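> sequence and predicted structure are below.
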Amino acid sequence: MATLVLEQTFEVPISDDDLNAAARLVDKCLEAHGARWMRSYVSLDRKRIICEFEAADADQVRDSYRSAGVAFDACWTATSYSRDQPTESY
């Protein structure tokens, strides 16, 4: 499985209700497309969200969002690094 990052931006801050409603729609599609949500980061102004997924490829996540009718700016495959990894692995 690959790590995928999805970016969303909003003109006005997204409410918890709107965020939860979109997540419910997307979750069903992610399962149908074989992708799995891992975590999300919401900016303090609530106008930007970064989500991390596991899937075979970015198209599974893109297709999930499109099937759910939820807009996104970009979705791309990423390599994850953490402070627990030795620096030689970069």
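Received the coordinates, thanks. Numbering: from 1, shown residues only.

> next up, the contacts around Val61.
Leu4, Leu6, Leu30, His33, Ala35, Phe53, Ala55, Cys75 (C-beta atoms under 8 Å, 6 or more residues apart in numbering). Every C-beta, even on glycine, is put in place using the N, C-alpha and C of the backbone.

> the nearest residue to the third one once chain neighbours are set aside in helix, strand or coil?
Counting by C-beta to C-beta, 6 or more residues apart in numbering, Leu30 lies nearest to Ser64, which is 4.6 Å off, once chain neighbours are set aside. Under the three-state scheme (DSSP: H, G, I helix; E, B strand; the rest coil), Ser64 adopts helix.

> show me what the longest helix out of those in the chain is packed up against.
Assignment by DSSP state H gives helix 16-33 as the longest helix of the chain. The criterion is 3 or more C-beta pairs under 8 Å, 6 or more residues apart in numbering; DSSP states H and E, and the helices and strands that helix 16-33 contacts are strand 36-42, strand 48-55, helix 58-68.
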